[in-house]
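Asker: Below is the sequence, then the predicted model.
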Amino acid sequence: MAGADSPSAALRRRDLCARGIRLAGKMRSDVVDLLDAYVERQGLDASASVAAVEGVPPAAVEHWDEQTGTQRLLENLAAYRAFRALLAQMLEEQREQLGEADAALGRALAAVLLQVSAFAYHLEELLRLESRGPPSEEEDGPPPQPRGLFEQKLRGLGVLRELAQWAVRSARDLRQLAKPGPGAGSAPSPAESP
């Protein structure tokens, strides 16, 4: 891990974290806008209760303050890889349901999918810098299909809500990782936890 401790590596890590924080902020803003449009176009109630989305780890963690920087990066990467598959499936479902009738919603969904893919790549770069390459992508196959149209709509709502929460958590994780000092990648003190 000597490479990760050098001044140039620390500067690169802070730069990557700062760019990642901006990406996460932009992504959250776009997801919130997409969520509003999605609820309206799908005829859903914005306050509808949605079960946890299978395959996506929840953004909320009980012991955030005990996680190392590497653990945070790995959890973020796993989540964004899952979101990439789920959003691709949502985009395909959207095209099948509405065709070209709602091209704006499809473009917004495609734009968020692109941001998620870029963010996953960004996290992989940070893991390489931390002298730990990203884990290989496990091909579990496509996410399970919801049974009916209403279940698809509710799952889509859940995916977008959880993605918005992950964008907030990711920015928080990257801020923690960007902190200078020998413990930047280690667990913070309880006073520093969210």
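Answerer: Happy to help now that I have it. Numbers count the residues shown, from 1 in each chain.
Asker: Could you pick out the longest helix of this protein?
Answerer: Longest helix of the chain, by residue count under DSSP state H: helix 7-42.
Asker: pLDDT averaged over it - what is it?
Answerer: The predicted model assigns helix 7-42 a mean pLDDT of 92.
Asker: by contact count, what packs against the helix or strand following it?
Answerer: Heading C-terminal from helix 7-42, the first helix or strand you meet, by DSSP states H and E, is helix 69-98. If you count contacts as 3 or more C-beta pairs under 8 Å, 6 or more residues apart in numbering; DSSP states H and E, helix 69-98 packs onto helix 103-129, helix 149-178. C-betas here are computed from N, CA, C, even on glycine.
Asker: out of these, nearest to E96?
Answerer: When those are compared for distance to E96 using C-beta to C-beta, the nearest one is helix 149-178, at 9.7 Å.
Asker: The closest one - contacts with which helices or strands?
Answerer: Applying 3+ C-beta pairs under 8 Å, 6+ apart, we find helix 149-178 packed against helix 7-42, helix 69-98, helix 103-129.
Asker: now the angle between helix 149-178 and the first one, please.
Answerer: Looking back up the chat, that one is helix 7-42. Helix 7-42 and helix 149-178 are oriented at 160 degrees to each other (axes from the mean of the first three to the mean of the last three C-alpha atoms, to 10 degrees).
Asker: ditto for the last one
Answerer: The directions of helix 103-129 and helix 149-178 differ by 40 degrees, with the same axes, to 10 degrees as the criterion.
Asker: And the average pLDDT for helix 103-129 is what?
Answerer: On average, helix 103-129 scores 94.
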